[in-house]
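J.: Next comes the sequence, and after it the predicted model I'd like to discuss.
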Amino acid sequence: MTYLGIDVGGTKVALQTDGGATPRSAVFPWPRTSSVADDLETLTRNVRALLDDTTQSVRAVGVAMPATVGPEGLVTTWPGRPSWTGLDLRAALCCLFPRSSVLWADDGDLAALAEADEADCQDVVYLGVGTGVGGGIVLDGRLCPGTARGSCEVGHVIVDPKGPRCDCGRRGCVQAVASGPATLRRAGRLRGEPVTFAQLADGLRHERDWAVTAIGESCDALAVAIVNLNELVRPALVLIGGGFADGLPGFVDTVAGRAHALARPGHPVAHVRAASLGGLSSLRGAVLLARGTHPG
């Protein structure tokens, strides 16, 4: 029996089968300018090409979604592809896979599920630092709070109520302080001119004050978020991934050190280390969702 994972991104989609005779995978870009109907037609065409018109043999499908999806299966917001707002995702997926069980969850939650599985750890907090700050919590091997109750919005934990405004409208969300774009903007202000990611990484390697300070504020915000989550759920392990974090030398170690420095006596912070799966984490989580490793 075949299981299918789908990782839906803002610019591309990744597909991966599991089980069956030969696992298959594919990646395709979204049309650059399109309607939701165009996107769904592109998804349908690529799924059928991957499965070679054998959709009837797919037992279950797991979908990692970056959009906010309400309990009734309606997309309430997706800044990356606004034409999806209002889409009945449940109906669209059931139409594409009429003979399969179809489940979906937030891509950050599924990345957390996959990283926990890879680490062989039942209680994990995962933070993905990239264009935003995503992530999730796995407790006793299950997503918290669970797909039926919405996603775990780690990036919108408030770490500084007087901090920069987040795209959600509030001030001081960890995403507004520690995401890649937020860090680059701060580095640019400190340097007095725009800063690219390569320049930031080079500045950090050479210990330029503007780079060290800009990144240090991001590490502080992440450390505060980790300590707050540690007080609430007591994970055994904290994992940090995402393209921005992965590309900066010593970034995770700095976050770990600052988080442990904030611990109160008798209540140590869980071990903090780099995640393992890189860009494959959400896709791996979607496959696990399809296989039923996460009971929902």
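T.: Perfect, thanks for sending it. Computed from a prediction, not measured in an experiment: that's the story for all the values here.
J.: Please count neighbours and contacts with C-alpha atoms only from this point.
T.: Noted.
J.: Can you say which helix or strand has the residue most central in space within the chain in it?
T.: With distances taken as Cα atoms, centre = their mean, the residue of the chain nearest its centroid is residue 108 (2.8 Å). Under the criterion DSSP states H and E, the helix or strand holding residue 108 is helix 107-119.
J.: Report whether residue 230 is found in a helix, as I expect.
T.: Yes: per DSSP: H, G, I helix; E, B strand; the rest coil, residue 230 lies within a helix segment.
J.: can I assume it is in contact with residue 269?
T.: Yes: in this structure, residue 230 is within contact of residue 269 by Cα atoms under 8 Å, at 6.2 Å.
J.: Tell me which other helices or strands whichever strand or helix holds residue 43 touches.
T.: Using DSSP H and E, residue 43 falls within helix 36-51. If you count contacts as 3 or more Cα pairs under 8 Å, 6 or more residues apart in numbering; DSSP states H and E, helix 36-51 packs onto strand 25-29.
J.: for the strand it packs on, the distance to its chain's centre please.
T.: Distance of strand 25-29 from the chain centroid (Cα atoms, centre = their mean, to the nearest Å) equals 18 Å.
J.: Give me the angle between it and helix 36-51.
T.: 160 degrees (axes from the mean of the first three to the mean of the last three Cα atoms, to 10 degrees).
J.: pLDDT (mean, whole number) over strand 25-29?
T.: For strand 25-29, the mean per-residue pLDDT is 94.
J.: in stretch 238-258, what counts as buried?
T.: Within stretch 238-258, the residues scored as buried using 16 or more other Cα atoms under 10 Å are 238-242, 244-246, 248, 251-252, 255-256, 258.
J.: if we can go back for a sec, residues of the helix holding residue 43 that come out buried?
T.: 39, 40, 43, 44, 46, 47, 50, 51.
J.: go on, stretch 16-27?
T.: Those would be 16, 17, 18, for stretch 16-27 by 16+ other Cα under 10 Å.
J.: what does that stretch rub up against?
T.: Stretch 16-27 is contacted from outside by 1-6, 12-15, 50, 283, 287, using Cα atoms under 8 Å, 6 or more residues apart in numbering.
J.: again, but for stretch 271-289
T.: 3-7, 14-18, 61-64, 103-104, 107-108, 110-115, 118, 126, 236-243, 246, 252-253, 256, 294-295.
J.: try 7 Å this time
T.: 3-7, 14, 62-64, 107-108, 110-111, 113-115, 236-242, 252, 256, 294 (Cα atoms under 7 Å, 6 or more residues apart in numbering).
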